[in-house]
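1. predicted model follows, preceded by the sequence.
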Amino acid sequence: MPWWKGDMRMNGIEINDVVKRYKDVKALDHVSFRMEEGKIYGLLGRNGAGKSTLISLITNRIFPDSGCVLIDGENAAENGRAQDKIFCMSEKDLYPRSMKVKKAFKLTSGFYEEFDEEQALHYSEMFGLNVKKSIGSLSTGYRSIFKLIVALSLNLPYLIFDEPVLGLDANHRELFYKLLLNDFEKHPKTIIIATHLIEEVAGLIEEIVIIDKGRILLQASSEELMEQGYSVSGPAQDVDAYCRGRTVIGIDELGGLKVAYIMGKADEDSLGRLMVSTISMQKLFVKLTENNAMRKDG
Amino acid sequence: MKWKTSMKYQITESIKPLAIFYGILYGLVGITLVISRAVADVGGFSGMESSTMVFLLFCGVFSFVEDFRFFLQNGMTRRMIFQSECAQFFLISLFMMLVETGMGALLHWLAGYESMFHLIYGHSYFVGVEMLWRFVVYLMIVNTAFLFTLIQNRVGKVAFILGCLTIGLALVVLLPSINMALDGAIADAVFPFLAKLMGFDGGAAHMAYPILTFLAVTAAVSLASYLMLRRAELK
């Protein structure tokens, strides 16, 4: 039995005032937040926002310039005990290209007591992954599938997926989400999914962390986030009238019609001819990060 | 558990390159022997350890990148990675020393082969001394190559190449020029010291000196490697 199974100190992952610079660029700027155990988190952000840097810090691939990352109260950096509890399915290719898939599974079962090699082989059949092939000879999609299978076959308290569905077709993406949820139901754990495909994971994730330009823009549960805003659509004049005095985070126009994305709760009495609907997570994300960019620029 | 798995990985990954290296090396030796016997009953060769040293240089250089990424992916700390690399270098050096001591003796009997050790120190030493000398030389070379790779990883390829060129020019051009200007004073001071380090201090060689020197260099280089590795980041 792995040592951490008897460990009652499951405090989650804490990021404490972390700063990370690459030459002149501040990739992470005094970032602090916490991820509790047993939840599925979506780590969302634009290209270059700092998602991968954050993940690399959690998984001991790089070091913070200041601040620290704690896993269940222990410093994640250079800590074998902490790193035993976590696995990251990385966007980067970190496996030797000449290594055969089957050998990689065998070695992973040596590195992690909690790796189920039989399950990995079963998942390989489901995805159509040829385990006799070398990792370097796999297509982009199948390389992602290989890495996904390794992560899905590991029963650890913390799993991170960095762009998990890169190169996957729709069928494989559906299969991955299904297997992920099945596994989560059987073995609750903390799962962090860093992705650009926000709408696809919207149904999966319980908590969202939006990172933008190295800072945490927002952390909230999916429900809370969706309740934070709504959209109204209709004739441009009516929409403009409704929007007066409200916090509008974005507007789309098409001919004489307008859609406004508004923070807060809808005022049923003032809607008139306007139609109200929930705001999609992707739209909310795009508008929030656009607004943040505009605020920073000027 | 991670340590055991990493060692298994290191050993299995080393088998193929070693097999290829020795296959080519002793294949060529065999062909040379056959040809030299067929043409005329003469033929000799010596100092094949130089080929091993080149192989070990490549071992040290290529060990870092792939292993580092793979081991980090599997949750190993840099301390564990360093220990794993050191163990790999130890085992490879030991294995190669054993192979070459045995093959050296066989080839000496078959074809008058002279190993590098025998060329430098002669035949009057116990075989254990020869084995120890060969082992520490190999260990020093592979660890030094590993350090160079870590330095290159830290400072970048361009800075590393410039640094090597600068040091090379200093040793090959600047130092001899200064030595000439000082009427050979530097050479007079340094060469006897180097000879002593290699065990030559008038009369028979003192084998403790070179063995301890190579061990000391290995220790220093390993320490430097650890200090570099412990802050190495995945690029």
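-> Yep, that arrived. Numbers count the residues shown, from 1 in each chain, chains lettered A, B, ... in the order given.

2. identify the residue spatially nearest to the residue of the stretch 1-150 of chain A found nearest chain B, adjacent ones excluded.
-> Taking C-beta to the nearest C-beta as the measure, the stretch 1-150 of chain A has A:Gly110 as its residue closest to chain B, at 3.2 Å. In short, each C-beta sits where N, CA and C put it, glycine included. Excluding the flanking residues, the one nearest A:Gly110 by C-beta to C-beta, 6 or more residues apart in numbering or on different chains is B:Thr5, at 3.2 Å.

3. elements contacting the one helix or strand the residue of the stretch 1-150 of chain A closest to chain B maps to?
-> In the assignment (DSSP states H and E), A:Gly110 maps to helix A:101-111. Secondary-structure packing of helix A:101-111 (3 or more C-beta pairs under 8 Å, 6 or more residues apart in numbering or on different chains; DSSP states H and E): helix A:117-127, helix A:140-152, helix B:2-39.

4. per-residue pLDDT, B:Gly44?
-> Each residue has a pLDDT score; the one for B:Gly44 is 64.

5. ditto for A:Ser270
-> 87.

6. phi and psi next, for it.
-> The phi/psi pair for A:Ser270 (degrees, to the nearest 10) reads phi -100, psi 0.

7. please name the residues that touch it.
-> A:Ser270 makes contact with A:Tyr242, according to C-beta atoms under 8 Å, 6 or more residues apart in numbering or on different chains.

8. which residue sits closest to B:Ile11 in space, ignoring its chain neighbours?
-> B:Ile11 sits nearest to B:Leu91 (C-beta to C-beta, 6+ apart), 6.8 Å away.

9. can you list the residues of chain A near chain B?
-> A:56, A:59-63, A:78-80, A:83-84, A:86-88, A:90, A:92, A:94-96, A:107-108, A:110-113 (C-beta under 8 Å from any C-beta of the partner chain).

10. filter these to the buried ones?
-> Buried members of these, scored by 16 or more other C-beta atoms under 10 Å in any protein chain shown, are A:56, A:59-63, A:79, A:83-84, A:86-88, A:90, A:92, A:94-96, A:107-108, A:110-112.

11. okay, now whichever residue of chain B sits closest to chain A: neighbour count?
-> Nearest to chain A, among the residues of chain B, is B:Thr5, at 3.2 Å (C-beta to the nearest C-beta). Around B:Thr5 there are 20 other residues, counting by other C-beta atoms under 10 Å in any protein chain shown.

12. any idea how far it lies from B:Met198?
-> 40 Å (C-beta to C-beta, to the nearest Å).

13. what do you get for B:Leu119?
-> Distance of B:Leu119 to B:Met198, given as C-beta to C-beta: 13 Å.

14. again, but for B:Val34
-> B:Val34 is 36 Å from B:Met198, by C-beta to C-beta.

15. more neighbours, B:Leu119 and B:Met198?
-> Using other C-beta under 10 Å as the criterion, B:Leu119 and B:Met198 rank with B:Met198 on top: 17 against 11.

16. hmm, B:Ile211 and that one touching each other?
-> No: with contact defined as C-beta atoms under 8 Å, B:Met198 does not reach B:Ile211; the gap is 10.4 Å.

17. please report phi then psi for A:Thr289.
-> Here A:Thr289 shows phi and psi, under degrees, to the nearest 10, equal to phi -80, psi -30.

18. burial measure for it, as a count.
-> 20.

19. which SS state does A:Asp93 fall under?
-> Classification of A:Asp93 using DSSP: H, G, I helix; E, B strand; the rest coil returns coil.

20. pLDDT score assigned to it?
-> Looking at A:Asp93, the pLDDT reads 91.

21. low pLDDT regions in chain A?
-> Applying pLDDT under 70 to chain A flags residues A:1-10, A:291, A:293-298.

22. tell me where it has helices.
-> A:51-58, A:80-83, A:101-111, A:117-127, A:140-152, A:170-186, A:198-201, A:222-227, A:236-243, A:281-297 (DSSP state H).

23. between these, which gets nearest to B:Pro17?
-> Of all those, it is helix A:101-111 that lies closest to B:Pro17, at 16.6 Å by C-beta to C-beta.

24. could I get the closest one in CSV with only the CA atoms?
-> Coordinates of each C-alpha in helix A:101-111 appear next as CSV, following Å, rounded to 0.1, in the frame of the first residue of the first chain:
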residue,chain,number,x,y,z
VAL,A,101,4.5,2.0,-25.3
LYS,A,102,4.3,-1.4,-23.6
LYS,A,103,7.8,-0.8,-22.0
ALA,A,104,6.7,2.6,-20.9
PHE,A,105,3.7,1.0,-19.1
LYS,A,106,6.0,-1.5,-17.5
LEU,A,107,8.4,1.2,-16.2
THR,A,108,5.5,3.3,-15.0
SER,A,109,4.3,0.4,-12.9
GLY,A,110,7.8,0.4,-11.4
PHE,A,111,7.8,4.1,-10.7
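
25. tell me how far it lies from the chain's centre.
-> Here helix A:101-111 is found 26 Å from its chain centre; the criterion is C-alpha atoms, centre = their mean, to the nearest Å.

26. which residue comes closest to the residue nearest the centre of chain B once chain neighbours are left out?
-> Against the mean C-alpha coordinate of chain B, by C-alpha atoms, centre = their mean, the closest residue is B:Ile141 at 2.7 Å. Counting by C-beta to C-beta, 6+ apart, B:Ile141 lies nearest to B:Leu56, which is 4.8 Å off, once chain neighbours are set aside.

27. gap between that neighbour and B:Tyr138?
-> Separation of B:Leu56 from B:Tyr138 (C-beta to C-beta) stands at 6 Å.

28. overlap of the contact sets of the two?
-> Common contacts of B:Leu56 and B:Tyr138, defined by C-beta under 8 Å, 6+ apart, comprise B:Ile92, B:Ser93, B:Met96.

29. before we move on, which element is the second one in?
-> In this assignment (DSSP H and E), B:Ser93 forms part of helix B:78-111.

30. tell me the angle of that helix relative to helix B:2-39?
-> 20 degrees (axes from the mean of the first three to the mean of the last three C-alpha atoms, to 10 degrees).

31. any low-confidence regions in chain B?
-> Ranges of chain B meeting pLDDT under 70: B:40-44, B:203.

32. what does it put close to chain A?
-> Selection of chain B residues close to chain A by C-beta under 8 Å from any C-beta yields B:1-2, B:4-6, B:8-9, B:66, B:69-70, B:72-80, B:230-231, B:233-234.

33. hmm, try it at 10 Å
-> Contacts of chain B with chain A, taken as C-beta under 10 Å from any C-beta of the partner chain, map to B:1-9, B:12-13, B:16, B:65-80, B:230-235.

34. give me every residue that touches B:Asn74.
-> Neighbour list for B:Asn74: A:83, A:87, A:94-95, A:104, A:107-108, A:110-112, A:115, A:150, B:2, B:5-6, B:9, B:80 [criterion: C-beta atoms under 10 Å, 6 or more residues apart in numbering or on different chains].
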